[in-house]
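> Any chance you could fold what I've pasted below:
(one chain, ligands or ions: 1)
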Amino acid sequence: MPMKFPTFRSRQAGTAEKMWTRCPSCEEQLFNKQLEKAMFVCPTCGHHFRLSAPVRLGQLIDEGSWEEHDPGLVSVDPLGFVDQKAYPDRVAAAQLATGLRDAAIWGTARIEGQPLAIVVMDFAFMGGSMGAVVGEKVARAAESALAERLPLVIVSASGGARMQEGTFALMQLAKTMGALERLREARVPYISIMSDPTTGGTFASYAAMGDVNLAEPNALIGFAGARVGAGTIGQELPPGFQRAEFLFHHGFVDRVVARPDLRREVAQLLRFLVPPEPVHG
Ligand SMILES: [Zn+2]
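Sure thing, here's the model as predicted:
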């Protein structure tokens, strides 16, 4: 099903005609049109703004190649969970704000002509939290990648498991890992792209398990927050701990890739990792 990508500005349509965005890193006022042209990377300091899933797709894949799968999957409320708001109300508000059904979309597409299955998460949807829908989409993408022998790319942007789904959310860790393990056994490549932030259960499951793990500059990546980590080991943590560059220097991330280079980098990796079609004859 072809999908129209909403623009960065159309998502902000509810907040009047905003023309400028302040960079949270260098505080420069940036003209939105210019920011969009710069792939939402601050031209002054290089800060990578968080992207909506449709904008991310628009930057990565070949135009017109997107075919979304399972767009109709929606969360149920298995626990009848209510905090300050009932869980279904939170989901409805997030759907209204983002135009998405849940915190991830998946489909098939092409990058520089090469076919792939791709999952993209959206942090704006309840902190990119992984509940049953996100887990199911990741698992189905991996299963479809296996059946079709298509490389899999997952772009993560997530605070972790969705607490409103409790154990059902935690079960997604095992489910997604099982699907990825079958992919690995069949030697179908999986590239993980970690954007800011990739933490909690998402990091503890599929996000860190790529055959190649890429990260965007300065992305926050890790399991528990720095305070919990320091408390657990009873030691001060080094500066920059849990940032993409730190993880790269310690061998956890294979490459830190600036956003303008990401599409080319993934295309090149796909050419390395995907064997050419066997010639029958
Ligand atoms: Zn900046």
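
> so where do the helices sit in the chain?
Using DSSP state H, the helices of the chain run over residues 8-11, 32-37, 53-60, 87-98, 132-148, 166-185, 200-203, 226-233, 244-249, 259-273.

> Please identify the buried residues of the second one?
Right, the one you point to is helix 32-37. Within helix 32-37, the residues scored as buried using 16 or more other C-beta atoms under 10 Å are 32, 35. In short, each C-beta sits where N, CA and C put it, glycine included.

> What's the mean pLDDT across that helix?
Helix 32-37 comes out with an average pLDDT of 94.

> Is the ion within reach of that helix?
No - with C-beta under 5 Å from the ion as the criterion, the ion is not reached by helix 32-37; the gap is at least 9.9 Å.

> Please report the distance of A93 from W66.
26 Å (C-beta to C-beta, to the nearest Å).

> Tell me which of these two has more neighbours.
W66 (21 against 12; other C-beta atoms under 10 Å).

> show me the contacts for the closest residue to P24 other than its chain neighbours.
Distance criterion C-beta to C-beta, 6 or more residues apart in numbering; nearest residue to P24, sequence neighbours excluded, is H47 at 6.8 Å. By C-beta atoms under 8 Å, 6 or more residues apart in numbering, the residues touching H47 are 23-26, 41, 218.

> change it to 7 Å
By C-beta atoms under 7 Å, 6 or more residues apart in numbering, H47 lies in contact with 23-26.

> Contacting the ion as well, which ones from the residues you listed?
Counting by C-beta under 5 Å from the ion, 23, 25-26 from the contacts of H47 sit close to the ion.

> Check those residues for burial and list the buried ones.
For these, a neighbour count by 16+ other C-beta under 10 Å gives the buried set as C23.

> Closest one of the ones next to the ion among the contacts of H47 to A244?
The nearest member of those to A244, counting by C-beta to C-beta, is S25 at 14.3 Å.

> picking up where we left off before, for the residue nearest to P24, report the pLDDT, please.
So, for H47, pLDDT stands at 97.

> And K18, by the same measure?
Model confidence at K18 (pLDDT) stands at 79.

> same question, the one 3 residues further on
pLDDT, the model's per-residue confidence, is 94 for T21.

> ok, it - contacts?
Neighbour list for T21: 30, 32, 35 [criterion: C-beta under 7 Å, 6+ apart].

> partner residues bridging it?
Bridge pairing for T21 (DSSP bridges) gives the partners L30.

> Spell out which parts of the protein neighbour the ion.
Counting by C-beta under 5 Å from the ion, the chain comes close to the ion at 23, 25-26, 42, 44-45, 47.

> how does it look with 8 Å?
With C-beta under 8 Å from the ion as the criterion, the chain meets the ion at residues 23-28, 30, 42-47.

> Excluding sequence neighbours, find me the nearest residue to E143.
Nearest non-adjacent residue to E143, counting by C-beta to C-beta, 6+ apart: A179, 5.7 Å away.

> Surely that neighbour touches A139?
Yes - applying C-beta atoms under 7 Å as the test, A179 and A139 come out as touching, 4.3 Å apart.

> Check the closest residue to the ion within the stretch 101-250 of the chain and give its pLDDT.
Per C-beta to the ion, N218 is where the stretch 101-250 of the chain lies closest to the ion, at 11.1 Å. For N218, the model assigns a pLDDT of 97.

> wait, doesn't it sit right on G240?
No - with contacts counted by C-beta under 7 Å, N218 stays clear of G240, the gap being 8.9 Å.

> Which residue of the two possesses the greater neighbour count?
N218 (18 against 12).

> out of everything not next to it in sequence, what's closest to the more buried one?
N218's closest residue in space is R243 (C-beta to C-beta, 6+ apart), at 5.6 Å.

> Run a quick neighbour tally on that neighbour.
Neighbourhood size, R243 [other C-beta under 10 Å]: 20.

> now swap in F241 and tell me
F241: 14 neighbours (other C-beta under 10 Å).
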